[in-house]
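> One predicted model, sequence on top.
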Amino acid sequence: MALTTACQLAPAWEGDDSLPPLPPPLCRDPRRYPSLQSPRTSASRRVKPTRRGRNPHDWAAAAHPAGWIIGRMNPLLGRLQAYPFERLRQLLADITPNAGFSPISLGMGEPRHATPELIKTALVAKLDGLAVYPATAGEPALRQACADWLRRRYQVDLNPLTQVLPVNGSREALFALTQTVVNPQQPGAVVLCPNPMYQIYEGAALLAGAEPVFIAADPARGFAVDWGTVAPAVWERTQLVFVCSPGNPTGAVMSLAEWQQLFELSDRYGFVIASDECYSEIYFRETAPLGGLEAAQQLGRSDFKRLMALTSLSKRSNVPGLRSGFVAGDAEIIKAFLLYRTYHGSAMSPLVQAASIAAWNDEAHVVENRALYRAKFEQVTPLLARVMQVDLPDAGFYLWAQVPPQVCQGSDTGFARALLAQYNVAVLPGRFLGRETDGHNPGAGRVRMALVADPAQCLQAAQRIVQLIEENTPVHV
């Protein structure tokens, strides 16, 4: 496929948000949609048609991939956007990759390094745990292992029984914590999210009945979020603030000064801070990234009031299928969160708990894992920096690169299509991770590259990207 063809975007992809969020079902007057026809139901249970013969749920059938049944369920489901990888699938649906190149995916942030043997051994040794129901609070030994790790990593002391709670991965916990914290009975509840972001933040806010408000990461400030841009009227309605440090997709780490500003705002307005720190153990400098609990302690906030840190073994220990992490912080929030989880059915399997204890108690495999990532970034980053604007991140395993203007007119979606068509390399368009605010999507014009494949594949992918860009860069004599 020619570059111009691959870069060309169908009309649906021209806008900054290619798949816009849907309004709640039934919020549109069905009489404005005469082309919609009622889906057939069983003869014993038919929906009574409206005065003009149309079912008021019909618009959801045509507008939402889950079909007309959405209109009969929680109306907030209709506000969820398609996940980034579903949007990517739609974007690339008509592309036939160049079969002359082996496929390489830098799109999904799924760790692919080998799972340490000590974790697998611990899991298998606990097979008798299949015969018992686990407690939602987790085994005391696991909570102690998590607290011990926090002490070694951040020099903070937490009570493992009241300030630490195991969770089935940080993704599940981010969502569930939001349902615990947000009070939808307070009109105009707001959840602040970084922009671009991990999409769970937005979905969790919407399904909690809150309004997500997006605060752009500023490239001029090292992709730091400028909390000073949030109006006081918004802060007054804010119940929860998501931070991601190290950031996805930017890799930026919050400084102590940024934490101090956010803590002061939390004191003034009373919101909870959820600090997503699942990338904290993959970093490229001698100093490990500052964590939220660590920052709080350094600033004299050892009660960790209104602060919840969330972390996971998925990236740290290469066990994304284990679904294991923990939350730590404010004891009062932990208590409420445990109550919620007791009803939610979120107990961790004894097998997973045993494997998690082994993982949290061992640091050697983490050092080895970090070295593997460092080697890949040392090879790939300088190579790509020759042809596009991209920097070594503070931490994480993503490169957040600017698409050169001469390639597909700087379009991130066009670049993704062209790269797959010509060189069989998949990357994630940045706009799929961002949301348009004030007419601008801060992810537009960038692509996220996850360096999770083996070193040889990552290097090959970088070389192909360089070739694509150089082929479309005019030579000035």
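Sure, I can see it. Note that the coordinates shown come from a computational prediction; the quantities given were computed from them, not determined experimentally.

> Quick check: buried residues in stretch 119-138?
Buried residues in stretch 119-138, counted by 16 or more other C-beta atoms under 10 Å: 119, 122-123, 126, 129, 134, 136-138. C-beta: built from backbone N, CA, C; applies to glycine.

> Inside helices: which ones of those?
Among these, the residues falling in helices (DSSP state H) are 119, 122-123.

> now, among those residues, which is nearest to residue 295?
residue 119 (29.4 Å; C-beta to C-beta).

> Can you check the pLDDT for that closest one?
You'll see residue 119 listed with a pLDDT of 98.

> Thought residue 319 was touching it, still the case?
Yes: between residue 119 and residue 319 there is a contact under C-beta atoms under 8 Å: 6.1 Å.

> So for those two, which residues contact both of them?
355, 359 (C-beta atoms under 8 Å, 6 or more residues apart in numbering).

> what about stretch 345-353, how long is it end to end?
One end of stretch 345-353 sits 16 Å from the other (C-alpha to C-alpha, to the nearest Å).

> Show me how far it is from its chain's centre.
Put simply, stretch 345-353 sits 23 Å off its chain's centre (C-alpha atoms, centre = their mean, to the nearest Å).

> Which helix or strand lies directly C-terminal to the lowest-mean-pLDDT helix or strand in the chain?
In the chain, the helix or strand scored least confidently by mean pLDDT, DSSP states H and E is helix 58-63, which has a mean of 42. Note on helix 58-63: by DSSP states H and E, the next helix or strand toward the C-terminus is helix 84-91.

> Output that following helix as PDB - backbone C-alpha positions only.
Only the C-alpha atoms of helix 84-91 are listed here, as PDB (Å, rounded to 0.1, in the frame of the first residue of the first chain):
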ATOM      1  CA  PRO A  84      -7.900   2.300  22.700                       C
ATOM      2  CA  PHE A  85      -7.100  -1.100  21.200                       C
ATOM      3  CA  GLU A  86     -10.600  -1.500  19.800                       C
ATOM      4  CA  ARG A  87     -10.200   1.900  18.200                       C
ATOM      5  CA  LEU A  88      -6.800   0.800  16.800                       C
ATOM      6  CA  ARG A  89      -8.400  -2.300  15.400                       C
ATOM      7  CA  GLN A  90     -11.000  -0.300  13.600                       C
ATOM      8  CA  LEU A  91      -8.300   2.200  12.300                       C
END
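
> Show me which parts of it are buried, residue by residue.
Buried residues in helix 84-91, defined by neighbour count with 16+ other C-beta under 10 Å: 84, 87-88, 91.

> again, but for stretch 140-160
Residues of stretch 140-160 classed as buried under the neighbour-count rule (16+ other C-beta under 10 Å) are 142-147, 149-150, 153-154, 156, 158, 160.

> do the same with stretch 446-459
Burial within stretch 446-459, assessed by neighbour count using 16+ other C-beta under 10 Å, is assigned to 446-453, 457-459.

> got the end-to-end distance for that stretch?
The straight-line separation of the ends of stretch 446-459 (C-alpha to C-alpha) is 20 Å.

> swap in stretch 233-253?
End-to-end span of stretch 233-253 (C-alpha to C-alpha): 27 Å.

> what comes up buried for it?
Neighbour counts using 16+ other C-beta under 10 Å place 234-235, 237-253 of stretch 233-253 among the buried residues.

> who are the neighbours in contact with residue 356?
So residue 356 contacts 142, 145, 166, 313, 322, 324, 348 (C-beta under 8 Å, 6+ apart).

> hang on, the earlier thing: just the buried residues of stretch 140-160 now: which is nearest residue 263?
residue 156 (14.9 Å).

> tell me the secondary structure for that closest one?
coil (DSSP: H, G, I helix; E, B strand; the rest coil).

> Look up how far residue 292 lies from it.
For residue 156, the distance to residue 292 equals 10 Å [C-beta to C-beta, to the nearest Å].

> Nearest to residue 424, out of the buried residues of stretch 119-138: which one, please.
residue 119 (33.0 Å).

> which residue ranges form the strands in the stretch 201-350 of the chain?
211-218, 224-225, 238-244, 272-276, 307-312, 325-329 (DSSP state E, counting those that start in this stretch).

> Tell me if I'm right that residue 209 and residue 184 touch.
Yes: under the criterion of C-beta under 8 Å, residue 209 makes contact with residue 184 at 3.0 Å.

> Show me whatever sits in contact with both of the two.
Here residue 209 and residue 184 have no joint contacts, going by C-beta under 8 Å, 6+ apart.

> how about a markdown table for the buried residues of stretch 119-138, with distance to residue 103 added?
Shown next, in a markdown table, are the buried residues of stretch 119-138 (distance: C-beta to C-beta, whole Å):
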| residue | distance to residue 103 |
| --- | --- |
| 119 | 29 |
| 122 | 34 |
| 123 | 31 |
| 126 | 37 |
| 129 | 39 |
| 134 | 39 |
| 136 | 42 |
| 137 | 44 |
| 138 | 40 |
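
> In this structure, which residue is most central in space?
Centroid-nearest residue in the chain: residue 198, 2.3 Å away (criterion: C-alpha atoms, centre = their mean).

> Just give me the neighbour total for the closest residue to residue 281 other than its chain neighbours.
Of all residues not flanking residue 281 in the chain, residue 316 sits nearest, at 4.3 Å (C-beta to C-beta, 6 or more residues apart in numbering). Close neighbours of residue 316, defined as other C-beta atoms under 10 Å, add up to 23.

> cool, and residue 465?
By other C-beta under 10 Å, the residues close to residue 465 number 26.

> does it belong to a helix or a strand, and which?
helix 455-471.

> Let me see the contact set for residue 338.
By C-beta under 8 Å, 6+ apart, the contact list for residue 338 reads 136-137, 165.

> For those residues, please prepare CSV with the additional fields pLDDT and distance to residue 363.
Below are those laid out as CSV (pLDDT from 0 to 100; distance: C-beta to C-beta, whole Å):
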residue, pLDDT, distance to residue 363
136, 96, 28
137, 97, 26
165, 98, 22
